[in-house]
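>>> next come a sequence and a model predicted from it.
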Amino acid sequence: MKRVRNVVRRVGVAIARTYRRAIVIRRAPVAYPSLHYRYSHDIANVINLRMAGFRAHNGVVNWKLSRAMPFAAMSISPFLVAAVAARYEYVPTSEVNAYLGWIFYMLILGFVFVPLFARIGVSLFHGLTPALEEALTPEGRRAYDRWADFWTASTPQYVFAAVFGAGAGIALKYASQADTTGSVNIHVGIASYVSVVVTGFLVACGAYWSIGGSALSYMLSVPGRLRLSPYAPASTPGLEMLSRYYRLAFYAVSIGVALCMVPILSWAYASPGSWHLAWVKRVLFGVSVCTSLVVGIVPQLFLSRAVARERRISFNEVSTRLDTMRIATGTATNEDSVHIAWLQTLTASRVSTLSESAIVGIVVGAATTLAPLVVPVLIR
């Protein structure tokens, strides 16, 4: 008996070591020479990218196929479950294609689109870090470090993703209890739950960083953390690039939300009226609206608040200088002309981070998010 326990213990230790090497995040050194260097290690600490084989060494992000093999093996797990479960559960012949199609769609969403969007997103942010660092004060850089230390830690990411994945499985169970007589029937089996939970776990990374990105915009907008141009605060390169990044992230999240909701809502709208499906639609509508607010609008509001505060400070400063010079000399001077030109430039500058084209883009992105909810209602 003791020998059996020792064997079990050794196998457990071996599995734990393999798991840590493949998935668990190892923190980078505390000293980072630049924000660009630091963010390389932050990228490698995003759990879905970590699982997909990305690492960071000496400030450089790299990828190896061998490190992604556990992630690739994980992608076929629902099909293996479906093959085993086929011996114990009956799947009507007419529903096999829809059953396997559902699983395949979810896996493509979680194992292809999510890592792809995440990689593109972090690469774009990585490119703006030099300009962003110039726009940060020392207090702003410390604020970023505190934000990154928390949001890139493994525990919050895994907990959030696990809760999100479990919630997706519960939602599927809840929706499957609806009466689908006369509708497009889709068999819901064990493999369906596995695919939805696994995909929900991976998709949760996008939701997690949507919240985290909004939190970063709030932390940086606190007074004393941004070094903005006194002439045109909204045109400060680092801030302007950050604002553009938030808009691009919003467009990507809008597409991602639509891709997640299309199969579920297609099933829901094809079914007869049911209070189960009605609640599913309401929850999805709430998630869509919250996504639009959190990703598309909230960061712009925080950054625009910083722009408005800097414009107000600069306006008061130049006005005070003009008044002081006129009181001292009693006449206009060449320095007055410089201050007047400054005032004119400041007055003509944007009052927020959003231009007219950016507002149109946000409206289009919000429409993309809500399209799976609205279009079926319009065509009925």
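Nice, I can see it. None of these values were measured; they are calculated from a predicted model.
>>> where do the strands sit along the protein?
54-57, 60-63 (DSSP state E).
>>> tell me which of those sits most buried.
For the strands of the chain, the largest average neighbour count (mean count of other C-beta atoms under 10 Å) is found in strand 54-57, namely a mean of 18. Where C-beta positions appear, they are placed from N, C-alpha and C, glycine not excepted.
>>> neighbouring strands for that one, and are they parallel or not?
In the sheet, strand 54-57 lines up against strand 60-63 (antiparallel) (DSSP bridges).
>>> circling back: need the strands of the chain in CSV with distance to Val294, can you?
Formatted as CSV, these follow (distance: least, C-beta to C-beta, whole Å):
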stretch, distance to Val294
strand 54-57, 25
strand 60-63, 26
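>>> which one, of the ones you listed, ends up nearest to Pro138?
strand 54-57 (24.3 Å; C-beta to C-beta).
>>> give me the contact list for that closest one.
For strand 54-57, contacts defined as C-beta atoms under 8 Å, 6 or more residues apart in numbering pick out 28, 40-41, 43-44, 46, 61-64, 67, 119.
>>> same check, this time on stretch 59-71
Contacts for stretch 59-71 (C-beta under 8 Å, 6+ apart): 22-23, 33-34, 36-37, 40-41, 43-44, 51-56, 111, 126.
>>> helices of the stretch 1-150 of the chain, residue ranges please.
Secondary structure of the stretch 1-150 of the chain (DSSP state H, counting those that start in this stretch): helices at 2-22, 35-44, 47-51, 65-75, 77-85, 96-108, 114-134, 138-151.
>>> out of those, which comes closest to Val203?
helix 114-134 (5.9 Å).
>>> that closest one packs against which elements?
Based on contacts counted as 3 or more C-beta pairs under 8 Å, 6 or more residues apart in numbering; DSSP states H and E, the elements that helix 114-134 packs against are helix 35-44, helix 47-51, helix 190-221, helix 237-270.
>>> summarise which helices and strands the longest one is packed against.
Identification of packing neighbours for helix 237-270 by 3+ C-beta pairs under 8 Å, 6+ apart yields helix 96-108, helix 114-134, helix 154-176, helix 190-221, helix 275-291, helix 298-329, helix 356-379.
>>> what about the nearest residue to Ile211 once chain neighbours are set aside, distance to Lys173?
Excluding the flanking residues, the one nearest Ile211 by C-beta to C-beta, 6 or more residues apart in numbering is Val294, at 6.4 Å. Here Val294 is placed at a distance of 27 Å from Lys173 (C-beta to C-beta, to the nearest Å).
>>> okay, the two: which has more neighbours?
Ranked by neighbour count (other C-beta atoms under 10 Å), Val294 and Lys173 place Val294 first, with 18 against 14.
>>> read off the pLDDT value for Tyr269.
In this model, Tyr269 is scored at 62, pLDDT.
>>> the helices and strands packed on helix 237-270: which one's closest to Phe250?
helix 356-379 (5.2 Å).
>>> pLDDT weak spots in the stretch 201-350 of the chain?
264-278, 280-281, 284-285, 288-289, 292, 323-336 (pLDDT under 70).
>>> Arg38 touches Ala44, doesn't it?
No. Look at Arg38 against Ala44 with C-beta atoms under 8 Å: they stay out of range, at 11.1 Å.
>>> nearest to Tyr251 among the helices and strands packed on helix 237-270 would be which one?
That would be helix 356-379 among the helices and strands packed on helix 237-270, by C-beta to C-beta, at 5.0 Å.
>>> please convert the buried members of the contacts of strand 54-57 into PyMOL selection syntax.
Per 16 or more other C-beta atoms under 10 Å, the buried members of the contacts of strand 54-57 correspond to this PyMOL selection:
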select buried, resi 28+40+41+43+44+46+61+67+119
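>>> closest one of the contacts of strand 54-57 to Trp209?
Closest to Trp209, out of all of the contacts of strand 54-57 and judged by C-beta to C-beta, is Val46, at 7.4 Å.
>>> phi, psi of that closest one?
Torsion angles at Val46 (phi, psi; degrees, to the nearest 10) stand at phi -80, psi 120.
>>> that one and Leu228, how far apart?
In terms of C-beta to C-beta, Val46 sits 29 Å off from Leu228.
>>> now Ala191
53 Å.
>>> Met74 touches Val198, doesn't it?
Yes. Shown here, Met74 and Val198 form a contact pair, counting by C-beta under 8 Å, at 7.0 Å.
>>> so between those two, which is more surrounded?
Val198 (22 against 17).
>>> thought the more buried one was touching Leu109?
No. If you go by C-beta under 8 Å, Val198 and Leu109 don't touch, sitting 10.4 Å apart.
>>> ok, back up a step: turn the helices of the stretch 1-150 of the chain into JSON lines, columns for mean pLDDT and distance to Ser319.
Formatted as JSON lines, these follow (pLDDT from 0 to 100; distance: least, C-beta to C-beta, whole Å):
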{"stretch": "helix 2-22", "mean pLDDT": "54", "distance to Ser319": "60"}
{"stretch": "helix 35-44", "mean pLDDT": "93", "distance to Ser319": "35"}
{"stretch": "helix 47-51", "mean pLDDT": "93", "distance to Ser319": "49"}
{"stretch": "helix 65-75", "mean pLDDT": "90", "distance to Ser319": "59"}
{"stretch": "helix 77-85", "mean pLDDT": "86", "distance to Ser319": "66"}
{"stretch": "helix 96-108", "mean pLDDT": "85", "distance to Ser319": "59"}
{"stretch": "helix 114-134", "mean pLDDT": "93", "distance to Ser319": "27"}
{"stretch": "helix 138-151", "mean pLDDT": "94", "distance to Ser319": "27"}
